[in-house]
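K.L.:
sequence first, predicted coordinates after that:
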Amino acid sequence: MLPKYKRILLKLSGEALMGDANYGIDPKVISQYAYDIKAVTDLGVQVAIVIGGGNIYRGMNEADTGIERAQGDYMGMLATVINGMALQSGLERVGLYTRLQSAIKMEQIAEPYIRRRAIRHVEKGRVVIFGGGTGNPYFTTDTAASLRAIEIQADVILKGTRVDGIYTADPEKDKTATRYETITFSEVYQKSLNVMDMTAFTLCQENKLPIIVFDMNRQGNLLNVIMGKNVGTLVKG
């Protein structure tokens, strides 16, 4: 069987990198992600990644921390670059070629984000990791993922989380909650379901970019999604 998608944007949450810890980066999680990503690149799938920074720093209430929102957002962007470097090392350890691009200039450790260069990298089979969010405060890494996916003309955004899709209610609180296999953008709005922040979600809708929400922490799930199996929830149309 051939992969269903040729070029993907994989959005990973920073919190998922913590594993069972309360902070930081779990090497076992990085290793699992690396092998899962290698499995899909071995099929010829082109992969770009946006990663969050919540395992290191998450923007907090300005009144509680004394750190203004914009400053806190920039701190979060730096955290995504740290996570990007950790993931880059994990991917290279399993034999993949990678490039880390940052929306904030850090020439010693990452290329600046250049759209045409990013596309060329994925065409050559390199895994491109986009760090630094959008480079602007007040925008989430979900928005960065939507923006980069549209820019590099990805076929789909794969939002890897710790839950296996979108549910009618919080499955941890409501045992009767059921998972949607497919849902439309309009239904997500109508039912006030939490998929991405509204800016990111609207970008995907306006550019007809489908989103698949799935459990990235289950080994082999990424490959199952790529092969078109019934994993997670597909948001489209």
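P.N.:
Cool, the structure landed.
K.L.:
not counting sequence-adjacent ones, nearest residue to residue 52?
P.N.:
Distances taken as C-beta to C-beta, 6 or more residues apart in numbering put residue 14 closest to residue 52, at 3.7 Å, once the chain neighbours are dropped. All C-beta atoms are positioned from the backbone trio N, CA, C, and that covers glycine.
K.L.:
okay, residue 194: pLDDT?
P.N.:
Looking at residue 194, its pLDDT reads 86.
K.L.:
that older thread, show me what contacts the residue nearest to residue 52?
P.N.:
51, 52, 53, 54, 55, 56, 58, 79, 80, 83, 141 (C-beta atoms under 8 Å, 6 or more residues apart in numbering).
K.L.:
using CSV, write down the CA coordinates of the helix or strand of the chain with the lowest mean pLDDT.
P.N.:
Every helix and strand of the chain was ranked by mean pLDDT, DSSP states H and E. The lowest is helix 62-65, at a mean of 79. Presented in CSV, the C-alpha positions along helix 62-65 are these (Å, rounded to 0.1, in the frame of the first residue of the first chain):
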residue,chain,number,x,y,z
GLU,A,62,1.1,38.5,33.8
ALA,A,63,-0.4,39.5,37.1
ASP,A,64,1.1,36.3,38.8
THR,A,65,4.6,36.4,37.2
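K.L.:
quick one: contacts of that helix?
P.N.:
68, 69, 72.
K.L.:
need phi/psi at the last one.
P.N.:
Torsion angles at residue 72 (phi, psi; degrees, to the nearest 10) stand at phi -60, psi -40.
K.L.:
skipping adjacent residues, who's closest to it in space?
P.N.:
Spatial nearest neighbour of residue 72, excluding adjacent residues (C-beta to C-beta, 6+ apart): residue 59 at 4.1 Å.
K.L.:
again, but for the second one
P.N.:
Sequence neighbours aside, residue 62 is the residue nearest to residue 69 in space, at 5.7 Å (criterion: C-beta to C-beta, 6+ apart).
K.L.:
and that neighbour, how far is that from residue 73?
P.N.:
Residue 62 is 11 Å from residue 73, where distance means C-beta to C-beta, to the nearest Å.
K.L.:
more neighbours: which of those two?
P.N.:
More crowded of residue 62 and residue 73, by other C-beta atoms under 10 Å: residue 73, with 19 against 13.
K.L.:
wait, doesn't the more buried one sit right on residue 59?
P.N.:
Yes. Between residue 73 and residue 59 there is a contact at 5.6 Å, judged by C-beta atoms under 8 Å.
K.L.:
joint contacts of those two?
P.N.:
Common contact partners of residue 73 and residue 59 (C-beta under 8 Å, 6+ apart): none.
K.L.:
where are the low-confidence patches of the protein?
P.N.:
The model of the chain has pLDDT under 70 over residues 60.
K.L.:
those strands in it, which residues are they?
P.N.:
In the chain, the segments counted as strands under DSSP state E are 7-12, 46-51, 98-102, 111-112, 127-131, 156-161, 182-184, 211-215, 233-236.
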